[in-house]
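Colleague: Attaching a predicted model along with its sequence, questions to come.
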Amino acid sequence: MAARIDHLVTSGTFSLDGGTWDVDNNVWIVGDDHEAVVIDAAHDADAIRAALGDRALRAIVCTHAHNDHIDAAPALAAATGAPILLHPEDLPLWKQTHPDRLPDGELADGERIAVAGTELTVLHTPGHAPGAVCLYAPELGTVFTGDTLFAGGPGATGRSFSHFPTIIDSIRDQLLTLPAGTAVRTGHGDGTTIGAEAPQLAEWIARGH
């Protein structure tokens, strides 16, 4: 059976630099009827478990370690036995939310995560966070961008651990080189395509100066 993409939206809060905001997060599940991986275990471990059903969870992959993307990860890992995977450069952010529970494994640029007969390639895309990653699934025509790229532009870079020139470099070098028809599945809100976003690169750069 071919791999498919399931989607649910969970709600909670995002907190950083002394502020807290209400947010809705996209949680992505890639797999078939037997096994799956979860991309960003946000807010509600029970809802994610319900969406998984009786499938074996192979990994909980974190696109970055802002609290709204990882707050349910330890509970989901405890319930399923799945390892939590995070790029090591985001450990300082992770420890703000989970000081007593480290991730189980490290993500590296170019690493491939196999599930249900397909592969997710890890693309290190710092900028929104130092250890931010995207996950490219060529066989599914999809890239999961977390908070690196949204419909209409880059993720936010106005808070701690973020840097606008870096996120622009990441998007230009790691994402806009993907096929134009690649679906962009984001950490919040609606999706887009690489082809829809690529023409705006010069505008984003100008906006950042």
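Modeller: All right, it came through fine. Model, not experiment: these values are computed from the prediction.

Colleague: mind checking pLDDT for residue 67?
Modeller: At residue 67, the model reports a pLDDT of 98.

Colleague: Identify the residues contacting it.
Modeller: Residue 67 sits next to 13, 14, 15, 16, 96, 97 when contact means CB atoms under 8 Å, 6 or more residues apart in numbering. All C-beta atoms are positioned from the backbone trio N, CA, C, and that covers glycine.

Colleague: ok, which pair from those residues is furthest apart?
Modeller: 13 and 96 (13.6 Å; CB to CB).

Colleague: ok, these two, which is more surrounded?
Modeller: Per other CB atoms under 10 Å, whichever of residue 13 and residue 96 has more neighbours is residue 96, with 16 against 13.

Colleague: Narrow the contacts of residue 67 to those in helices?
Modeller: Under the assignment DSSP state H, the contacts of residue 67 contribute 96, 97 to helices.

Colleague: what comes up buried for the lowest-mean-pLDDT helix or strand in the chain?
Modeller: Here the helix or strand of the chain ranked lowest by mean pLDDT, DSSP states H and E is helix 201-207, holding a mean of 84. Along helix 201-207, these residues count as buried under the neighbour rule (16 or more other CB atoms under 10 Å): residue 204.

Colleague: Can you show me the CA trace of the helix or strand encompassing residue 46 as PDB?
Modeller: Using DSSP states H and E, residue 46 falls within helix 45-52. Extracted C-alpha coordinates of helix 45-52, given in PDB (Å, rounded to 0.1, in the frame of the first residue of the first chain):
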ATOM      1  CA  ALA A  45      -1.000  13.800  22.100                       C
ATOM      2  CA  ASP A  46      -4.400  12.100  22.500                       C
ATOM      3  CA  ALA A  47      -5.700  13.600  19.200                       C
ATOM      4  CA  ILE A  48      -2.600  12.500  17.400                       C
ATOM      5  CA  ARG A  49      -2.800   9.000  18.800                       C
ATOM      6  CA  ALA A  50      -6.400   8.900  17.600                       C
ATOM      7  CA  ALA A  51      -5.400   9.900  14.100                       C
ATOM      8  CA  LEU A  52      -2.700   7.200  14.100                       C
END
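
Colleague: Distance from the chain centre to the least confident helix or strand of the chain, please.
Modeller: The chain centre lies 23 Å from the centre of helix 201-207; the measure is CA atoms, centre = their mean, to the nearest Å.

Colleague: who touches that helix?
Modeller: 153, 154, 168, 171, 172, 176.

Colleague: can you rerun that using 6 Å?
Modeller: The contact list for helix 201-207, computed with CB atoms under 6 Å, 6 or more residues apart in numbering, reads 153, 154, 168.

Colleague: for the helix holding residue 46, packing partners?
Modeller: helix 73-80 (3 or more CB pairs under 6 Å, 6 or more residues apart in numbering; DSSP states H and E).

Colleague: Paired strands for the helix or strand following the helix it packs on, with orientation please.
Modeller: Proceeding N to C from helix 73-80, the next assigned helix or strand is strand 84-86, under DSSP H and E. Note on strand 84-86: by DSSP bridges, its sheet partners are strand 56-61 (parallel), strand 105-106 (parallel).
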